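J.: Show me how the following folds:
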Amino acid sequence: MAFTVTMLSWSVIEYRDQIADAGELEHALEAIKWGTDYFIKAHTSPNVLWAEVGDGDTDHYCWQRPEDMTTSRQAYKIDEKNPGSDLAGETAAAMAAASIVFKKTNPHYSHLLLHHAQELFEFGDKYRGKYDGSIGVVKSYYASVSGFMDELLWAALWLYEATDKEDYYLKYVINKAHCFGGIGWAISEFSWDVKYAGVQVLASMVNSLITFNFFFLLFYV
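T.: Have a look, this model is predicted:
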């Protein structure tokens with residue numbers, strides 16, 4: 001869900017006029033806000049994010065609209081003792097990207113999203129771990145194969161953009177890109193699990209300094 005919101009937001013950032021010309025801008029904004037409203041409710045304190053409701057094994061016994069469900073469904077969270085840096089990072093990226101989308105039309109909401117994004121990034125970076133290590137029920141359905149380092153880089157780049165080029169996030173990406181594995185040529189996938197290709201594309205767009213450092217690391221390290 002967070003990755004979907006990030007990509008929808010990126011689409012509006014890059015193609016806002018074209019989406020508006022097609023008469024779909026309001027639909028896109030509504031879809032993004034539907035997701036970010038949920039994330040705000042799920043982020044109940046700086047170091048707590050409610051990660052999943054229900055589990056695949058139980059839910060697959062009956063296929064129905066969530067609005068019609070009356071069965072008891074367990075909720076799972078990530079926190080300091082049960083980390084999920086990948087999930088916190090992607091949710092931070094989604095909220096940071098969405099904050100850019102709403103910056104001019106709804107500045108108060110944009111600021112709120114940015115605040116949550118910064119807290120989630122700090123939480124994910126400080127308490128590191130894969131979310132499927134904390135929430136075992138996801139492993140059979142949405143296991144975090146790539147780990148969490150790509151999401152932390154991805155989130156930092158979106159926060160760099162959302163904060164009007166705050167140096168901390170740029171330096172984070174430059175300093176972590178090599179040890180986090182984000183500079184290799186052999187990146188053949190961009191998905192909800194693997195963000196390295198997106199990191200490279202976004203890095204090439206946001207700042208010439210970071211692009212230079214990426215290529216320096218690629219060729220000389």
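J.: pLDDT weak spots in this protein?
T.: Counting by pLDDT under 70, the chain contains low-confidence ranges at 185, 207-221.
J.: all strands for it, in order.
T.: For the chain, the strands defined by DSSP state E occupy 49-53, 75-78.
J.: For these, give me CSV that also has distance to Asn175.
T.: Yep, even glycine has a C-beta here, placed from its N, CA and C like the rest. Formatted as CSV, the strands of the chain follow (distance: least, C-beta to C-beta, whole Å):
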stretch, distance to Asn175
strand 49-53, 25
strand 75-78, 25
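J.: Could you export those as JSON lines, including mean neighbour count and distance to Lys33?
T.: Shown next, in JSON lines, are the strands of the chain (neighbours: other C-beta atoms under 10 Å; distance: least, C-beta to C-beta, whole Å):
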{"stretch": "strand 49-53", "mean neighbour count": "19", "distance to Lys33": "19"}
{"stretch": "strand 75-78", "mean neighbour count": "18", "distance to Lys33": "22"}
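J.: Of the ones you listed, which is nearest His27?
T.: In terms of C-beta to C-beta, the element of the strands of the chain nearest to His27 is strand 49-53, at 25.2 Å.
J.: Who are the packing partners of the closest one?
T.: If contacts are counted by 3 or more C-beta pairs under 8 Å, 6 or more residues apart in numbering; DSSP states H and E, strand 49-53 sits against helix 25-42, strand 75-78, helix 85-101.
J.: C-alpha coordinates for it, CSV please?
T.: Provided in CSV are the C-alpha atoms of strand 49-53 (Å, rounded to 0.1, in the frame of the first residue of the first chain):
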residue,chain,number,x,y,z
LEU,A,49,3.4,1.8,13.1
TRP,A,50,0.5,-0.6,12.8
ALA,A,51,1.7,-2.8,9.9
GLU,A,52,-1.0,-5.3,9.1
VAL,A,53,-4.5,-6.2,9.8
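J.: Please enumerate residues in contact with it?
T.: Strand 49-53 is contacted from outside by 42-44, 73-79, 84, 87-88, 91, 120, 123, 131, 135, 137-138, using C-beta atoms under 8 Å, 6 or more residues apart in numbering.
J.: Check stretch 35-42 too.
T.: Contacts of stretch 35-42 (C-beta under 8 Å, 6+ apart): 1-2, 4-5, 8, 49-51, 91, 94-95, 98, 112-113, 116.
J.: ok, back up a step: please identify which of the strands of the chain is closest to Thr105.
T.: Here strand 49-53 is closest among the strands of the chain (C-beta to C-beta), at 26.3 Å.
J.: For that closest one, which strands pair with it and how are they oriented?
T.: strand 75-78 (antiparallel) (DSSP bridges).
J.: Can you show me the CA trace of the strand it pairs with as PDB?
T.: What follows is strand 75-78 as a C-alpha-only set of coordinates in PDB (Å, rounded to 0.1, in the frame of the first residue of the first chain):
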ATOM      1  CA  ALA A  75      -3.600  -6.300  14.000                       C
ATOM      2  CA  TYR A  76       0.200  -6.300  14.000                       C
ATOM      3  CA  LYS A  77       2.600  -3.500  14.700                       C
ATOM      4  CA  ILE A  78       6.300  -2.600  14.400                       C
END
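J.: so how far is it off the chain centroid?
T.: 17 Å (C-alpha atoms, centre = their mean, to the nearest Å).
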